[in-house]
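Novice: Okay, sequence plus prediction incoming.
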Amino acid sequence: MTRFSELGLPPALSEAIAARGYEEAMPVQVAVLDEAYRDRDLLVSSQTGSGKTLAFGTLLARTLVPVPEPAKKVEEGGEPSAASAPKKAPAYKPAGRLPSGLVIAPTRELANQVRTELAWLFARAKIRVSAFTGGSDLREDLKKLHTGVDIVVGTPGRLVDLLSRGALQLEAVQTAVLDEADEMLDMGFHEDLQTLLGAATTRTRTHMFSATLPRPILALAANYQKHAVRLDARKLGEPADGSHEDIRHVAHLIAIGDRTAAVINVLRQNADQRAIVFGTTRDGVADLHRELVRQGFRAVVLSGDRLQAERNRALSALREGEAQVLVATNVAARGLDLPEVDLVVHADLPLNTEALTHRSGRTGRAGRKGTSVLIANLAERRKAERLLAGASVTYTWTAAPGAAEIASEGEKRLEAVLVAASEAGREPSANVLAVAESLGKHIKKDALIHLLLERELESVPKGEKLKPVDLKVVTRDAFRPTGPPPDREEFARDAVRFRINLGGDARAEAGWLLPLICRRGGVTRREIGAIRVVSAGFSEFEIAGPAASDFTLAASQTDPRAPHVRIERVQGFSGAPSSAQARRRPYEDRPRPYPPRNLDGPRPPGRSPHPAEARREDPRRPGPPRFAARPHDGHAPWQGKKALGKEPFGKKPFGKK
C-alpha cells in the first residue's frame with residue numbers, strides 16, 4: 001500500500017490528512033496523482049465508497065495550493081547557500097469573487113458531503129469552500145459569492161440559476177470535477193452540465209468521477225475533455241468484474257403479494273443492524289415507511305419530494321442512532337454520509353445494473369462488511385437474474401425468512417441477553433429480592449421461571465407468515481438462452497400472442513415497444529417475435545412458448561414507470577397475421593382488419609371486389625399476372641361517381657328522374 005506521505009502533497013494537505021488519522025492511500029487516490037497524468041483530464045470509474053472525494057480533492061489542490069520546491073543538494077564539505085535553502089511555498093492569493101475550482105454533484109446530500117470533506121482538507125491552506133444547492137437560502141448563496149469563494153460545490157440546477165443571475169462567474173475556473181456524472185445524466189441535467197462546462201472557458205482540466213461509465217458519459221467526456229485518460233477498476237486495483245469484496249449479496253424469492261412481509265422479516269432477522277430499504281416510487285416508499293412504523297421499527301423516510309429540513313432530520317436521526325431503518329428512493333443511493341450502514345434491502349428491483357451497484361454500495365464502506373438483500377417475486381425472477389448477472393455478483397436463490405425462523409431468532413437473542421446479564425454478576429436489588437420471596441410463597445421456582453419467560457417471549461417481535469415458494473427450478477442459467485437464435489418457423493410454432501394497450505393513437509412502433517415489453521415481462525429480445533400495431537388502441541406481439549407462462553405472470557404486475565400500460569394474453573384469432581404468415585415486404589407486412597381471403601374462390605354476393613382480386617392471371621393472355629379486363633359494375637370505389645351511366649350502389653345519375 002502507498003502512504004499519503006509518498007504522494008508529494010502540499011504540506012497543508014498532508015498535515016490535514018494526518019490529523020484525520022489517514023495513513024495509507026486508496027488505489028483511486030494513488031492513481032489520479034500519477035505524474036504521467038499531471039496535465040491530462042481524467043475519466044475515473046471506481047466503486048462507491050472507495051475514496052473518490054479525497055482523490056479529486058488532491059487534484060483540486062494541484063492548482064490551488066502550490067507545492068514548495070525541494071532544496072538543492074549541498075556538496076559534502078560545503079556550506080549551504082541561500083539558493084540551496086528550501087523555498088517557502090508562495091502564499092495563496094484568493095481569487096476574490098472568481099472561484100478557481102468547481103465541483104458538480106447530482107444531489108443536495110452529496111454536494112453537502114463533498115463540501116464537508118473538502119473543507120477539512122483545505123482548512124490549513126485557508127481555501128474557502130462553499131456549497132450551493134436547491135432548497136438553500138438564495139440570499140445566503142449570493143452573499144457567499146459576493147464575499148468570495150475559492151471552490152464552488154453545488155447541484156446543477158442551483159449553479160445554473162446563479163450563473164444566469166450573474167452572481168456566479170466561472171471564467172477563472174482551472175479545475176472542474178463532475179462527481180457521479182452518470183447519475184446527473186439520469187436525472188436530466190445534461191443541458192445544465194453543458195451550460196456550466198461551457199461557461200468555464202479558461203479551465204485547464206476537467207475530471208469526471210463515477211462508479212459506472214455508460215455510453216452517455218463517454219459522449220459527454222468526448223465533448224468537454226481533452227485527451228482524457230480513462231482509469232477503470234482494473235487499473236485502480238479493484239476487482240475487474242466490478243464486484244465489491246466487502247458486500248455479501250443475498251437473493252430472496254417470494255410469492256406475489258408477500259413483498260412487505262418479506263421486508264419486515266429481513267429486518268427482524270437483522271434487528272441489531274442499521275439498514276436502508278430502497279423502493280422505486282415515492283408513494284411506495286411512504287406506504288412501506290408507515291407499515292414499518294406500525295410494526296414498531298424506528299424508521300425514517302427519505303425521498304425527492306421531501307423538504308430539505310425533513311431530509312436533514314432523517315439523516316441525522318439515522319447517524320445518531322435515533323432511527324435504525326431508512327426507507328428511501330434512489331435519491332439515497334448517491335452521496336449520503338452514512339458510513340455505518342450494515343444492511344441494504346432492495347424492496348423493489350432497481351431499474352438497471354447501475355442502480356443495483358449504487359444501492360448496494362451504501363454498505364460495505366470504509367473497510368466495513370455489509371449485506372445486500374434483493375427481494376424478487378415469482379414474476380420478477382428473470383429480471384432479477386439479469387440484474388445480478390450484469391453486476392457480476394455471486395448469489396444463490398433462497399427463501400425469505402419465515403415466521404418460525406424469526407421466532408427462533410428472537411428466542412436466541414433473549415437467551416443471549418439473559419446469559420450475558422447472569423455472567424455480569426450483578427447483585428439483585430432489595431426490591432427484586434422482596435418480590436421474589438413473596439412470589440416464592442405462592443408459586444414454585446420452576447413455575448415462576450416459566451411464567452416470566454412466557455411473558456418475556458410475548459414481547460419478542462413475531463415474523464410475518466409467507467407463502468411457500470418452489471426454489472428447485474430457479475437457477476442462475478435456467479432462463480438464459482444459449483446457442484444461435486431460434487428458427488423463425490420454429491419460433492412461430494410455439495409462440496404465444498399478447499396484446500398491449502398502445503397503438504396508433506400513442507404513435508406506437510416496434511422499436512420503442514420492444515424495451516417496454518422486455519422490462520415488463522423480464523424477457524430478452526431473443527424471446528420476442530413479431531411486434532405489430534394492429535389498431536389505434538392496441539398492438540400485438542409474440543413471446544416464445546417456454547417463456548410465455550413467466551411472461552404472463554410478470555406482465556400482470558403494475559409497472560410503476562407506466563401504470564397505465566396493460567398487457568394481456570390473446571385467446572384465439574385477433575385479426576393480426578401470425579409470424580408464419582408475415583412477409584418481408586414492408587407494405588404487405590402491414591396488418592389488415594380482415595382475414596386473408598381466397599382470391600380464386602367465389603366472391604360473396606353484394607360485396608365490392610378487393611383490389612387484390614384484379615391481380616390474377618388472365619386466362620386469355622399468357623404471361624405474368626396482370627390486371628384483367630373486367631367490366632365495371634359501378635360498385636368499385638375507384639370508378640368515380642358515374643360509371644357506365646350509373647351511380648354507385650345502383651343509384652341513378654344525379655339530375656335524372
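Specialist: Alright, I've got the coordinates.
Novice: Can you point out the buried residues in stretch 284-293?
Specialist: 284-286, 288-289, 291-292 (16 or more other Cβ atoms under 10 Å). The way it works is simple: take the backbone N, C-alpha and C, and place the C-beta from them, glycine included.
Novice: low pLDDT regions in the stretch 201-350 of the chain?
Specialist: Along the stretch 201-350 of the chain, the model assigns pLDDT under 70 to residues 201-204, 233-245, 331-339.
Novice: Can you show me the helices along it?
Specialist: With DSSP state H, counting those that start in this stretch, the ranges of helices along the stretch 201-350 of the chain come out as 215-224, 259-269, 282-294, 308-319.
Novice: Which elements pack onto the last one?
Specialist: Just to be clear, that refers to helix 308-319. helix 108-121, strand 299-302, strand 325-328 (3 or more Cβ pairs under 8 Å, 6 or more residues apart in numbering; DSSP states H and E).
Novice: same thing but 6 Å
Specialist: strand 299-302 (3 or more Cβ pairs under 6 Å, 6 or more residues apart in numbering; DSSP states H and E).
Novice: The strand it packs on pairs with which strands?
Specialist: strand 325-328 (parallel) (DSSP bridges).
Novice: tell me the centre residue of the protein?
Specialist: In the chain, the residue lying closest to the centroid (Cα atoms, centre = their mean) is A355, at 2.2 Å.
Novice: Check the gap between that one and P401 for me.
Specialist: 25 Å (Cβ to Cβ, to the nearest Å).
Novice: Quick one: low-confidence residue ranges for this protein.
Specialist: In the chain (pLDDT under 70), the answer is 1, 47-50, 66-97, 201-204, 233-245, 331-339, 366-367, 472-493, 560-561, 572-657.
Novice: The helix or strand where V435 lies: which residues count as buried?
Specialist: Here V435, judged by DSSP states H and E, is contained in helix 430-440. Going by neighbour count (16+ other Cβ under 10 Å), nothing in helix 430-440 comes out as buried.
Novice: residues in contact with it?
Specialist: L448 (Cβ atoms under 6 Å, 6 or more residues apart in numbering).
Novice: So what touches the helix or strand following that helix?
Specialist: Remark: after helix 430-440, the chain's next helix or strand is helix 445-458, criterion DSSP H and E. The contact list for helix 445-458, computed with Cβ under 6 Å, 6+ apart, reads L439.
Novice: Return the angle between stretch directions for helix 445-458 and helix 430-440.
Specialist: 120 degrees (axes from the mean of the first three to the mean of the last three Cα atoms, to 10 degrees).
Novice: Would you mind listing the buried residues in helix 445-458?
Specialist: Buried residues in helix 445-458, counting neighbours by 16+ other Cβ under 10 Å, are absent.
Novice: any idea how far M187 is from S210?
Specialist: S210 is 13 Å from M187, by Cβ to Cβ.
Novice: all strands of the stretch 151-300 of the chain, in order?
Specialist: 151-154, 175-179, 205-210, 229-231, 247-254, 275-278, 299-302 (DSSP state E, counting those that start in this stretch).
Novice: Off-centre distance for the last one?
Specialist: In this view, strand 299-302 has its centroid 19 Å away from the chain centroid, taken as Cα atoms, centre = their mean, to the nearest Å.
Novice: Could you do the first one as well?
Specialist: Here strand 151-154 is found 25 Å from its chain centre; the criterion is Cα atoms, centre = their mean.
Novice: neighbouring strands for it, and are they parallel or not?
Specialist: Applying DSSP bridges, one finds strand 151-154 paired with strand 101-104 (parallel), strand 129-132 (parallel).
Novice: Next, please give the residue ranges for the helices of the stretch 401-550 of the chain.
Specialist: With DSSP H, counting those that start in this stretch as the criterion, the stretch 401-550 of the chain has helices at 403-423, 430-440, 445-458, 488-494, 510-521, 545-555.
Novice: would you list those helices in TSV and tack on distance to W120?
Specialist: Shown next, in TSV, are the helices of the stretch 401-550 of the chain (distance: least, Cβ to Cβ, whole Å):
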stretch	distance to W120
helix 403-423	39
helix 430-440	50
helix 445-458	47
helix 488-494	62
helix 510-521	44
helix 545-555	49
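Novice: quick one: which of these is nearest L42?
Specialist: Closest to L42 of the helices of the stretch 401-550 of the chain, according to Cβ to Cβ: helix 510-521, at 32.4 Å.
Novice: Pull that closest one out as PDB, backbone CA atoms only.
Specialist: Extracted in PDB, the C-alpha atoms of helix 510-521 (Å, rounded to 0.1, in the frame of the first residue of the first chain):
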ATOM      1  CA  ALA A 510     -41.900  -1.800 -32.700                       C
ATOM      2  CA  GLY A 511     -38.700   0.000 -31.900                       C
ATOM      3  CA  TRP A 512     -39.900   1.600 -28.600                       C
ATOM      4  CA  LEU A 513     -42.400  -1.200 -27.700                       C
ATOM      5  CA  LEU A 514     -39.500  -3.700 -27.600                       C
ATOM      6  CA  PRO A 515     -37.700  -2.300 -24.400                       C
ATOM      7  CA  LEU A 516     -41.100  -1.800 -22.700                       C
ATOM      8  CA  ILE A 517     -42.000  -5.400 -23.300                       C
ATOM      9  CA  CYS A 518     -38.600  -6.600 -22.100                       C
ATOM     10  CA  ARG A 519     -38.900  -4.600 -18.900                       C
ATOM     11  CA  ARG A 520     -42.500  -5.600 -18.100                       C
ATOM     12  CA  GLY A 521     -42.100  -9.300 -18.700                       C
END
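Novice: That helix - contacts with which helices or strands?
Specialist: So helix 510-521, by 3+ Cβ pairs under 6 Å, 6+ apart, packs with strand 528-533, helix 545-555.
Novice: so of those, which one's packed in deepest?
Specialist: Compared across these, strand 528-533 shows the largest average neighbour count, a mean of 20 (mean count of other Cβ atoms under 10 Å).
Novice: now the residue nearest to P156 when sequence neighbours are not counted: how far from G304?
Specialist: Closest residue to P156 apart from its sequence neighbours, by Cβ to Cβ, 6 or more residues apart in numbering: D192 at 3.7 Å. According to Cβ to Cβ, D192 and G304 sit 17 Å apart.
Novice: same check, this time on L54
Specialist: For L54 relative to G304 (Cβ to Cβ), the value is 28 Å.
Novice: ok, these two, which is more surrounded?
Specialist: Counted by other Cβ atoms under 10 Å, L54 and G304 do not tie: L54 has more neighbours, with 21 against 14.
Novice: what about dumping the CA coordinates of whichever strand or helix holds that one to PDB?
Specialist: L54 is part of helix 52-64 when elements are defined by DSSP H and E. The C-alpha trace of helix 52-64 is given here as PDB (Å, rounded to 0.1, in the frame of the first residue of the first chain):
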ATOM      1  CA  LYS A  52     -13.200   9.400  -4.700                       C
ATOM      2  CA  THR A  53     -13.900  12.700  -2.800                       C
ATOM      3  CA  LEU A  54     -10.400  12.800  -1.300                       C
ATOM      4  CA  ALA A  55      -9.000  11.800  -4.700                       C
ATOM      5  CA  PHE A  56     -10.400  14.700  -6.600                       C
ATOM      6  CA  GLY A  57      -9.700  17.000  -3.600                       C
ATOM      7  CA  THR A  58      -6.000  16.300  -4.200                       C
ATOM      8  CA  LEU A  59      -6.500  17.100  -7.900                       C
ATOM      9  CA  LEU A  60      -8.000  20.500  -7.000                       C
ATOM     10  CA  ALA A  61      -5.100  21.200  -4.700                       C
ATOM     11  CA  ARG A  62      -2.600  21.000  -7.600                       C
ATOM     12  CA  THR A  63      -3.900  24.300  -9.000                       C
ATOM     13  CA  LEU A  64      -5.000  25.900  -5.700                       C
END
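Novice: Who are the packing partners of it?
Specialist: Against helix 52-64 (3+ Cβ pairs under 6 Å, 6+ apart) you get helix 27-32, helix 108-121, strand 175-179, strand 205-210.
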